[in-house]
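*Asks:* Quick one, what's the 3D model for this:
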Amino acid sequence: MSLATPDPTLEQIVENTIRYWNTHSGYKIFEMFDLYNLPAIDELMGTGDDTTLLYSGSFAGMGLQQFSLVVTTTSANTPIRATDDGLGHIKGAQLPITLELFAVGTGANSYSHTLVEKQIVPGTVTITDGVETFIDTGSNVLNGSLGGLGTVNYITGQTNVTFANPVAPTANITTDYSYYQVYGTVDYVSTAWTLQFSPGWAPNIGAKILANYTYTVGSGPLGFTTPQSSTGAFIPIPNKFKLITQVYPATDTTWIWKDHPLWTLLGLTIMDNMTADLVMLSSTFQMYRLYIGTDFRWSFVKDDNSQNMGKLMLVNLPFQVTRICVVGAKRVLETEDIKSDHILDWVLYYAKALTKITEGNTLRKSSIINITNDGESLVTEGKDEVKTLQEKLMQEGRWMAMSGRF
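*Replies:* Numbering: from 1, shown residues only. Have a look, this model is predicted:
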């Protein structure tokens, strides 16, 4: 390289070099991933139709983490957000109702009423005739200030009260309370869920009901989601992987000297009866047993934007698997500080060859003004080096094509 090439041109040459390497290289990398605290992003729970209030199903990710679930809708007019409370309940916004007419006094003590809204927030109901006031205890019981008693069903809104004294004829009995915009349940183990929207809050036609949560794959016996799914439960793969060629399930190995320290003191006796080959054989057989009866499959979904993470979907993950080894081809990132001598040498030599071509073309053009130069030979030299480096990269990347056969 020389000072004849402007900095912007050199920067473009480096970009083109890395782009070519990323496109054609099969440089192998691998990484171990723990199968817990993984994110599920925008998993589809249902689609609105303006009328349906009750939805149910099961999440794709196994072993939901408490307090991690967030449910949202894409309704343009009525966007809704709900979260889990860590106890298996999904709760949306609390909306207040004031001075709803409960009943009109008739001189009797007892009155009943079904609240207009359902999915009542426990502890928020109050009822009064202006003389005695009932307070919600939060456990379906209403206590009157003068000794009266009542009950409330938080799901159906059915409410009954008996005043300590007869209510004056024509006196208005009113109630205040709050209700959930949406309410549901979730089983953190089986991942089954229900979602009940309050009347007037049904998702609009075409609106998506989406779930975001974290989960533990290892708690489920057969993995999660389907290879065709691009949303829902997945393992996020760093964008340094441009593609994946193989996924290997793994387990935590049990070793005598790790789990039984007392036996380690008798190591000589143990090793007299256990060779290294036997240890390897038993470990291999243990892993083999995990695959019997399973049809483990995986699928890698790349993001259109290379700056974003990819998604690895798994199906029929063998039982007891707690980690996976992901093998794939490396992508050099724009801001990456290249550590590999192999990659760095190729990038530098390729950029140098492109620079020779650029500077050679510049020198050839200068011959128009009768300046003697050897631009043609520089261009030829650069092209020969580019061809050699491209062939070298192609040969080293053949393992990627072969790996798909096994």
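*Asks:* so where's the longest helix in the chain?
*Replies:* helix 341-366 (DSSP state H).
*Asks:* right, and the helix or strand after it?
*Replies:* Next along the chain after helix 341-366, taking DSSP states H and E as the criterion, comes helix 375-396.
*Asks:* what sits against the residue nearest to Val152 when sequence neighbours are not counted?
*Replies:* Once flanking residues are discounted, Val152 sits nearest to Thr159: 4.6 Å by CB to CB, 6 or more residues apart in numbering. C-beta here means a position set from N, CA and C on the backbone, and glycine is covered the same way. The contact partners of Thr159, taken as CB atoms under 8 Å, 6 or more residues apart in numbering, are 102, 112-115, 125, 127, 142, 150-153, 175.
*Asks:* and Thr159, what helix or strand is that in?
*Replies:* Applying DSSP H and E, one finds Thr159 within strand 158-162.
*Asks:* That strand pairs with which strands, parallel or anti?
*Replies:* According to DSSP bridges, strand 158-162 forms sheet pairs with strand 110-114 (antiparallel), strand 149-152 (antiparallel).
*Asks:* just how off-centre is the shortest one within its chain?
*Replies:* Taking the mean C-alpha point of strand 149-152 and that of its whole chain, the gap between them comes to 44 Å (CA atoms, centre = their mean, to the nearest Å).
*Asks:* Just the buried residues of it, please?
*Replies:* In terms of neighbour count (16 or more other CB atoms under 10 Å), strand 149-152 has its buried residues at 150, 152.
*Asks:* Identify all contacting residues around it.
*Replies:* Residues outside strand 149-152 that contact it (CB under 8 Å, 6+ apart) are 115, 120, 125, 127, 134, 136, 140-144, 158-162.
*Asks:* Filter the residues you listed down to the buried ones, ChimeraX style.
*Replies:* Listed next is the ChimeraX selection for buried residues among these, using 16+ other CB under 10 Å:
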select :115,120,125,127,134,136,142,144,159,161,162
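*Asks:* which helices and strands does the longest helix of the chain pack with?
*Replies:* On a contact count with 3 or more CB pairs under 8 Å, 6 or more residues apart in numbering; DSSP states H and E, helix 341-366 meets helix 7-24, helix 375-396.
*Asks:* Glu43 against Phe59, yeah?
*Replies:* Yes: under the criterion of CB atoms under 8 Å, Glu43 makes contact with Phe59 at 6.5 Å.
*Asks:* Among the two, which residue is more densely surrounded?
*Replies:* Each of Glu43 and Phe59 has its neighbours counted (other CB atoms under 10 Å); Phe59 has more, 25 against 21.
*Asks:* isn't that one right up against Ala40?
*Replies:* Yes: contact criterion CB under 8 Å: Phe59 and Ala40 qualify, at 6.9 Å.
*Asks:* ok, back up a step: what's the closest of the contacts of Thr159 to Thr380?
*Replies:* Looking at the contacts of Thr159 and their distance to Thr380, the nearest is Leu115, at 87.5 Å (CB to CB).
*Asks:* thinking the closest one is in contact with Asp176, fair?
*Replies:* No: in this structure Leu115 lies outside contact range of Asp176 using CB under 8 Å: 10.6 Å.
*Asks:* Touching both of these two, which residues are there?
*Replies:* With CB under 8 Å, 6+ apart as the test, Leu115 and Asp176 both reach 97, 100.
*Asks:* where in the stretch 301-406 of the chain is pLDDT low?
*Replies:* 318-320, 365-374, 397-406 (pLDDT under 70).
*Asks:* just the chain next, same as before
*Replies:* For the chain (pLDDT under 70), the answer is 1-5, 7, 76-77, 217-233, 251-294, 318-320, 365-374, 397-406.
*Asks:* Redo the strands paired with strand 158-162 as TSV? Include distance to Leu363.
*Replies:* Compiled in TSV, the strands paired with strand 158-162 are given as follows (distance: least, CB to CB, whole Å):
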stretch	distance to Leu363
strand 110-114	91
strand 149-152	90
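*Asks:* who wins for proximity to Pro6 among the ones you listed?
*Replies:* strand 149-152 (78.2 Å).
*Asks:* just so I have it, where are all the helices in the stretch 201-350 of the chain?
*Replies:* Taking DSSP state H, counting those that start in this stretch, the helices of the stretch 201-350 of the chain run over residues 256-259, 261-264, 267-272, 276-291, 341-366.
*Asks:* Run a quick neighbour tally on Leu101.
*Replies:* The local packing of Leu101 (other CB under 10 Å) involves 11 other residues.
*Asks:* and it, what does it touch?
*Replies:* By CB under 8 Å, 6+ apart, the neighbours of Leu101 are 172-174.
*Asks:* Narrow those residues to just the buried residues.
*Replies:* Ile173.
*Asks:* which residue packs closest to Gly375, ignoring adjacent ones?
*Replies:* Leu363 is the one closest to Gly375 (CB to CB, 6+ apart), at 3.0 Å.
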